[in-house]
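1. Give me a 3D structure for the following:
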Amino acid sequence: MPRNSRRIAAFAAGLVTTLALGAGTAQAADYAATPTGSPGWVSAHTVAAASASTDIFDQGMTTAAIGYDSLWLYPSPASAQTQIVTVRSTVRECGATYLSEAKLAGQCQTLGTRAAAWYVKPGDWTWIADRSPLDIGFDVVPGWVNYGRLTITWQTLSGYTLGTKIINYRDAADGACHSRQCSWWGPTTGSWGYSFTNL
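-> As a prediction, the model looks like this:
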């Protein structure tokens with residue numbers, strides 16, 4: 001599927017301000033993979049927005065972005081020291097949402113990935129105030145559904161990996177829209193996603 005990426009950087013920069021308006025947290029329950037080692041905990045909430053294309057050569061497309069309006073990190077119990085927690089944000093696109101992604105492997109693809117790392121002190125939740133490094137912009141293909149995935153790695157300051165976890169944000173409380181061209185919906189638990197339309 002061809003993608004026009006010329007507008008992504010500008011739109012993603014504008015989304016940072018929009019994302020700051022959201023509030024609340026949600027913990028996704030469906031894991032894309034079994035956690036390894038001794039991972040800590042994550043509380044996050046996705047948010048999305050869409051903008052009609054102004055490119056006269058591509059009027060049928062809509063540019064969108066998915067980010068996080070809330071992100072809390074808790075350290076791995078495997079170490080009592082300050083840890084480095086790396087969060088990799090991925091936007092997935094699937095042709096349907098009523099089945100698990102495992103059954104739709106041939107119909108899902110990755111639209112973009114970004115990562116950032118933060119220091120997390122032992123024994124308490126750390127609020128991540130600037131989540132903009134995890135925002136991902138992309139061009140929309142009508143009829144497809146998008147969602148956010150976080151891959152989190154907890155490490156010691158010396159680089160030893162304590163644990164990893166992958167979380168798909170696809171439950172009813174895991175997302176919210178910040179534009180009229182976006183809808184957050186799903187027919188069953190664990191099958192929610194973002195749909196984007198042109199006005």
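
2. Check which helix or strand the residue nearest to the spatial centre of the chain maps to.
-> The chain has Gly148 as the residue nearest its centroid, 3.0 Å off, counting by Cα atoms, centre = their mean. Element membership for Gly148 (DSSP states H and E) is strand 145-156.

3. Just the CA coordinates for that strand, please, in CSV.
-> Output of strand 145-156 as CSV, limited to C-alpha atoms (Å, rounded to 0.1, in the frame of the first residue of the first chain):
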residue,chain,number,x,y,z
VAL,A,145,-8.4,0.1,11.5
ASN,A,146,-5.4,1.4,13.6
TYR,A,147,-4.3,0.9,17.1
GLY,A,148,-1.3,1.6,19.3
ARG,A,149,1.2,-0.9,20.7
LEU,A,150,3.9,-0.4,23.3
THR,A,151,6.9,-2.6,23.7
ILE,A,152,8.6,-1.8,27.1
THR,A,153,12.0,-2.9,28.3
TRP,A,154,13.3,-2.4,31.8
GLN,A,155,17.1,-2.3,32.3
THR,A,156,19.7,-1.5,34.9
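
4. what helices or strands is it leaning on?
-> strand 41-52, strand 62-74, strand 83-94, strand 161-169, strand 193-196 (3 or more Cβ pairs under 8 Å, 6 or more residues apart in numbering; DSSP states H and E). In this view, the C-beta of every residue, glycine as well, is placed from N, C-alpha and C.

5. Mind checking these for the one nearest to Gln181?
-> With respect to Gln181, and counting by Cβ to Cβ, the nearest of the helices and strands packed on strand 145-156 is strand 41-52 at 3.8 Å.

6. Quick one: mean pLDDT for that closest one?
-> Strand 41-52 shows a mean pLDDT of 91.

7. got it, and stretch 153-164?
-> pLDDT averaged over stretch 153-164 gives 97.

8. before we move on, the earlier item: buried stuff in the strand holding Gly148?
-> Residues of strand 145-156 classed as buried: Val145, Asn146, Tyr147, Gly148, Arg149, Leu150, Thr151, Ile152, Thr153, Trp154, Gln155 (neighbour count, 16 or more other Cβ atoms under 10 Å).
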